[in-house]
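Trainee: Please find the sequence and the predicted model below.
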Amino acid sequence: MKSKIKEIEEQALGEISSSAAERDSLEAMRVKYLGRKGIITELFKKMGDLSASERPEAGRLINILKETVTRSLEEKISSITAYEVEEKDKIDITLPGIRGRIGKPHPISETIDEICNIFVSLGFKVVEGPEIETEYYNFETLNIPLEHPSRDAFDTFYLKNDSNQKFLLRSHTSPVQARFMEKNTPPFSIVVPGKVFRPDATDASHSFMFHQVEGLAVGDNIRFSDLKGVLANFTKQMFGKNTKTRFKPSFFPFTEPSAEVDISCIICRGQGPVASGQKCSVCGGKGWLEILGAGMVNPKVFEKVGYNPEKVTGFAFGMGVERIAMLKHGINNIRLFFENDVRFLRQF
Amino acid sequence: MRVTYSWLKSYVDLNIQPEKLGALLTMAGLAVESIEKQGSDYLFEIEVTANRPDWLSLIGVAREISAITGKKLKIPSTAESRKPKAESQIKIKVEDKKLCPRYTARIIRNVKIGESPAWIKTRLQTIGLRPVNNVVDITNFCLFETGEPMHAFDLDRMEGKEIIIRRAKRGEKIFLIDGAERILDDSTLIIADSTKPIAIAGIMGGANTEVTISTKNILLEAAFFDPVSIRRTSRKFGIMTESSYRFERKVDLKNIENFSNRALDLILKLAGGEIGELFDVGDKGFSKKTVTLSYSKCNEVLGVEIAPSSIKKILNSLGLKALAPAKDKVKFEIPSFRIDLDSEIDLIEEVSRIHGYDKIPNTIPGIVEESSRISSDMVAAKKIRRALTSLGADEIITYSLLSKKLLGLANFLDKNIIEIENPLSGEQEIMRPSLIVGMLNSVLWNMNRKAKDFKLFELGNIYLKERNGKFVEKKYLCVALTGQAFSGWVDRPRPISFFDLKGMAEALFQELGMDSVSFEYAKDGRFSPTECASMAIKKEAFGMLGQVDKRILNNFDIKDKVYALEMNIGPILKYITLEKTFKELPKYPSIYRDISIIIGKEISNSDATSLIKISAGPMLKDVKLVDRYTGEQIPDGKVGLTYRLEYQSLLKTLEDRDVLDCQARILRSLEEKLSAKLR
């Protein structure tokens, strides 16, 4: 009898728990076990077959069984009631969420941050310098003679001034090189973000105001190979680890040897002309994008700031922030950066 | 610089494809911009850097190819002796030796002017020059071949028997071969005959002595003119010619006679005639330049190991001669056409270029220790940017240069304004004295594109001329708000107010750890007189905020209200606390009690708050205004205020009865001192 009761209990609880949470099936379950001809009711009826000594114990166990099954059924039923709500009480969860808007940093600020952070991770310090400059810092300390074709690349805005000294808007961030070197002793490595100005006619890729990041590392044994290593590392961090870097000889008055630095085109992945014969619109089918000017600091620049060029060497580089931001985000017109249309700003 | 594939082949063996050649040149520093098929030839457009005038000649480019590929360079010989057969009967006088260090001329009589042969014409046409006649074409051909501009004058159209190289007299005139007349002054070097200018030296010849089909006798000029003088004159008259471009970058002084002879040979061959003696005045370029290179230094600077023999070979291939055999420090003689090579680093560059930048390894230098990697004001700028964006504002960057007109719209006085000497357009006349002008311009831009509710900010420099004439630039912040404040469909939208902007400012200052910024009523022409405040910290004013004055908005054609803040970052830097120290959390919780009063409208919130703080005693931790009400049940001229007071004890959990006295004391003070009534 005892084992029979145990068996029924397991069976009943199992059936109840696996039964669908619907009133009909649970009612059927109640009838099956507790109804007038239910399995448990039948057990009570069979008690008469037992001996008097067995009867009290059996009665107790069957009662426990009845209670257990009843409770289990009730629990199941109450869980159904909890799920059953009226349609009209439901909220419309498709209504939009109530939220504040997080504003956006300007894509140029973001790009400057991204560039500087990479160089900081390589041991560089971020410094700034003035936008209003003198000819001395913008040209002379950088070995750019006043009347020389090498100045053609640096058309410059001058400020109206009564006194004899000429002031101008820096046409590159390089003047900060001399300013920093005058006040510090090597070794050091710095990056300098900032605005620069050139009287260029505005078009889709030219603006009379734009941003540069300048770099300078000086020490007793800084080599051209270090310049290559640092910039290759930078381009990989900035444009992805598969980015290839190419150094081409070039000329800047303040560096020697000088290089123009290309990265493999981030759109066509350096494939250049594709099979279909159509040229990549970003690199023009060349497979390379020019993004940096760089080189070893010209000893004449060291002499200007009072360093001994026999004792120190260094490298310098510079890049246009707008160009890099345009490449990274696929922006096709530099003017968008300065129109400040919120539909533009909020995309990044 | 334009060169053609087949023309280059005259000076160096080329057994590589044009595309391959282009890549080789680019990787050696002659940036090939384009390669274009022209008939059976290829035209190369090469960008030549300002330091390499020798590359402005086909021989120069061929020399580079020879150095890269190891193929022999073939320069047309000009060594044969030339016996003068014709009488010269002319005198050369160089009056200004500084502007004309060397002048050569040679007379050729009885030339036959005609068409050039096809091989010359085709080459000139391929690089974009129009053939004229054999003599003119030869001077052009030689300019491209040698890099030395030469000029042929019609001898019979020159007056007197002399050539004078002198500065022009003020008011002298010349018709140039471009058909236009130029009026000269004494800054201009000219070539003159006895009576008149016949050329602007090094830039363009005069129409009066041009070689034409009827020319019989010519004078062939080859010279060296002062680069700076040529540059100034060329800019002054706005004439840039193949000739001025080369003189400006320095021509090969020493080889001028050879270049002249090369042209002479071609003229004799193609136009016939008899030559006169060579006039050669000035510096013959005999002085020799040497530069010493340490092989070990070269490898050190580059971070490579190139064998001394390879270094020497590279430099030889470029025309440099090692003078004395030495182990490490070797003296090299610099050829006359390499005006750019003056010092050791110049030679190191040559070695690296020809060796190939791609063969130099990539290394990472030892990291230099620095105490801080970023300056404090840049950290502050980052914090400000992060705080304002998290408050929902978008960052803008506007031009630092503005038009006077735009500045006028914002009613700025112009006495401290910095003006631009050489603006390209009216958009760049002055430097901004405030960020508000550019800000309003951006607000307008967005409103015109149907944006209504937005917050913008800009971090950037303003520029001013101080009273002593000194130019200064200061880092400023500008914020602007316009439209409706609304958080979605639950609350009803309401127009943005002064307090939205003030709240942003307060949140910003809190984030920057500036806890004692005070706001005071202020007057400023840019803001509405009823809604304007100045901001100060420790009595130092650093900015303004308020509703932008309606007249200014009208000037800009902005229809909606705009609230703006402008502040100077410099003065607040010392108050910004970015290093935060942990404060122990309170052991016992605070309790909160409200006080609701009715009070005169003229009493400011700050008066009421400070009175509450003074009268509360040490348990009061904070007091906040949670309701401000006017209307029903509040008499005219009064306002209902509810303050929420936070009490805290270090000793125990406070209960109601602990703060009863305190609450009563506060109320009494408010009643007595500010005539408040309990509501």
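Mentor: Received, thanks. Because the structure is a prediction, the values reported are computed rather than measured.
Trainee: For the rest of this, base every contact and every neighbour count on C-alpha atoms.
Mentor: Will do.
Trainee: Strands of the stretch 151-300 of chain A, start to end?
Mentor: In the stretch 151-300 of chain A, the segments counted as strands under DSSP state E, counting those that start in this stretch are A:167-169, A:188-197, A:209-219, A:245-252, A:255-264, A:288-297.
Trainee: To B:D500, which of those lies closest?
Mentor: The closest of those to B:D500 is strand A:188-197. By CA to CA, the value is 31.6 Å.
Trainee: Any residue of the closest one touching chain B?
Mentor: Yes: using CA under 8 Å from any CA of the partner chain, we find that strand A:188-197 touches chain B at A:F188, A:S189.
Trainee: So B:S518 is in contact with B:I537, correct?
Mentor: Yes: look at B:S518 against B:I537 with CA atoms under 8 Å: they come within range, at 6.2 Å.
Trainee: re earlier: now tabulate the strands of the stretch 151-300 of chain A in CSV and tack on mean pLDDT.
Mentor: Below are the strands of the stretch 151-300 of chain A laid out as CSV (pLDDT from 0 to 100):
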stretch, mean pLDDT
strand A:167-169, 94
strand A:188-197, 95
strand A:209-219, 96
strand A:245-252, 95
strand A:255-264, 94
strand A:288-297, 94
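Trainee: Just put those strands in a markdown table and tack on distance to B:E47 and mean neighbour count.
Mentor: Shown next, in a markdown table, are these (distance: least, CA to CA, whole Å; neighbours: other CA atoms under 10 Å in any protein chain shown):
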| stretch | distance to B:E47 | mean neighbour count |
| --- | --- | --- |
| strand A:167-169 | 27 | 21 |
| strand A:188-197 | 24 | 23 |
| strand A:209-219 | 23 | 23 |
| strand A:245-252 | 10 | 24 |
| strand A:255-264 | 13 | 24 |
| strand A:288-297 | 14 | 24 |
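Trainee: Surely A:T243 touches A:D262?
Mentor: No: with contact defined as CA under 8 Å, A:T243 does not count as touching A:D262 (10.0 Å).
Trainee: Can you name the element that comes right after the lengthiest helix in chain B?
Mentor: Longest among the helix segments of chain B by residue count, using DSSP state H, is helix B:656-674. Heading C-terminal from helix B:656-674, the first helix or strand you meet, by DSSP states H and E, is strand B:677-678.
Trainee: Point out the other helices and strands that that following strand packs with.
Mentor: Other helices and strands packing on strand B:677-678, by 3 or more CA pairs under 8 Å, 6 or more residues apart in numbering or on different chains; DSSP states H and E, are strand B:591-600, helix B:656-674.
Trainee: right, so of the ones you listed, which gets closest to B:I138?
Mentor: strand B:591-600 (99.3 Å).
Trainee: for the helix or strand following that closest one, packing partners?
Mentor: Per DSSP H and E, the first helix or strand lying C-terminal to strand B:591-600 is helix B:605-616. Packing contacts for helix B:605-616, counted by 3+ CA pairs under 8 Å, 6+ apart, involve strand B:620-629, helix B:656-674.
Trainee: For helix B:605-616, list the C-alpha coordinates in CSV.
Mentor: Included here for helix B:605-616 are C-alpha records, laid out as CSV according to Å, rounded to 0.1, in the frame of the first residue of the first chain:
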residue,chain,number,x,y,z
ASN,B,605,16.1,82.7,-4.1
SER,B,606,19.7,83.1,-3.1
ASP,B,607,18.7,85.4,-0.2
ALA,B,608,16.2,82.9,1.1
THR,B,609,18.6,80.0,0.7
SER,B,610,21.4,81.6,2.5
LEU,B,611,19.2,82.6,5.4
ILE,B,612,18.1,79.0,5.7
LYS,B,613,21.7,77.9,5.7
ILE,B,614,22.7,80.4,8.3
SER,B,615,19.8,79.7,10.7
ALA,B,616,19.7,75.9,10.3
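Trainee: Looking at the stretch 151-300 of chain B, what residue ends up closest to chain A?
Mentor: As assessed by CA to the nearest CA, chain A sits closest to B:V228 within the stretch 151-300 of chain B, at 6.1 Å.
Trainee: Determine which of the helices and strands packed on helix B:605-616 approaches chain A most closely.
Mentor: strand B:620-629 (21.3 Å).
Trainee: Pull up the pairing partners for the closest one, direction included.
Mentor: Sheet pairing of strand B:620-629 (DSSP bridges) gives strand B:638-647 (antiparallel).
Trainee: contacts for the partner strand?
Mentor: B:590-601, B:619-630, B:634, B:654, B:659, B:679 (CA atoms under 8 Å, 6 or more residues apart in numbering or on different chains).
Trainee: Narrow the residues you listed to those that are buried.
Mentor: Among these, those classed as buried by 16 or more other CA atoms under 10 Å in any protein chain shown are B:590-592, B:595-600, B:619-621, B:623, B:654, B:659.
Trainee: Between all of the residues you listed, which two are separated the most?
Mentor: Maximum distance among the buried ones among the contacts of strand B:638-647 (CA to CA): 32.6 Å, for B:G600 and B:L654.
Trainee: Can I take it that B:Y103 is in a strand?
Mentor: Yes: judged by DSSP: H, G, I helix; E, B strand; the rest coil, B:Y103 forms part of a strand.
Trainee: neighbours around it, how many?
Mentor: B:Y103: 24 surrounding residues under other CA atoms under 10 Å in any protein chain shown.
Trainee: May I see the domains of the chain written out as residue ranges?
Mentor: The chain I'm using is chain A. A:2-89, A:107-345 (automatic domain parsing).
Trainee: that's the wrong chain, I wanted chain B
Mentor: B:2-69, B:91-282, B:289-357, B:376-575, B:591-678.
Trainee: could you redo those domains as TSV and give each row mean pLDDT?
Mentor: As requested, the domains of chain B are arranged in TSV below (pLDDT from 0 to 100):
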stretch	mean pLDDT
domain B:2-69	93
domain B:91-282	94
domain B:289-357	93
domain B:376-575	93
domain B:591-678	92
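Trainee: Looking at the buried ones among the contacts of strand B:638-647, spot the one nearest A:H148.
Mentor: B:V623 (69.1 Å).
Trainee: Verify the stated contact: that closest one with B:L611.
Mentor: No: using CA under 8 Å, B:V623 makes no contact with B:L611, being 10.9 Å away.
Trainee: got any ranges where the stretch 51-200 of chain A has weak pLDDT?
Mentor: A:82-84 (pLDDT under 70).
Trainee: Quickly find the element holding the residue of the stretch 151-300 of chain B closest to chain A.
Mentor: Short version, using DSSP H and E: B:V228 is in helix B:227-237.
Trainee: Downstream of that helix, the next helix or strand is which one?
Mentor: helix B:242-248.
Trainee: Buried residues of that following helix, list them for me.
Mentor: Quick answer for helix B:242-248 (16+ other CA under 10 Å): B:E242, B:S243, B:S244, B:Y245, B:R246, B:F247, B:E248.
Trainee: Dump the residues you listed into JSON lines; add distance to chain A as well.
Mentor: Supplementary listing: those in JSON lines, determined by distance: CA to the nearest CA, whole Å:
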{"residue": "B:E242", "distance to chain A": "14"}
{"residue": "B:S243", "distance to chain A": "14"}
{"residue": "B:S244", "distance to chain A": "11"}
{"residue": "B:Y245", "distance to chain A": "9"}
{"residue": "B:R246", "distance to chain A": "10"}
{"residue": "B:F247", "distance to chain A": "11"}
{"residue": "B:E248", "distance to chain A": "7"}
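Trainee: Can you tell me which of those is nearest B:V490?
Mentor: B:Y245 (71.5 Å).
Trainee: So out of everything in the stretch 451-600 of chain B, what residue is nearest chain A?
Mentor: For the stretch 451-600 of chain B, CA to the nearest CA, closest residue to chain A: B:G488, 5.4 Å.
Trainee: which bits of the stretch 201-348 of chain A sit near chain B?
Mentor: So the stretch 201-348 of chain A meets chain B at A:201, A:209, A:221-230, A:232, A:246-251, A:256-258, A:298-299, A:313, A:337-342, A:345-346 (CA under 8 Å from any CA).
Trainee: If we use 7 Å, what do you get?
Mentor: A:209, A:222-226, A:228-230, A:247-251, A:256-257, A:338-342 (CA under 7 Å from any CA of the partner chain).
Trainee: Is B:G438 in a helix, a strand, or coil?
Mentor: Criterion first, three-state DSSP; result for B:G438: helix.
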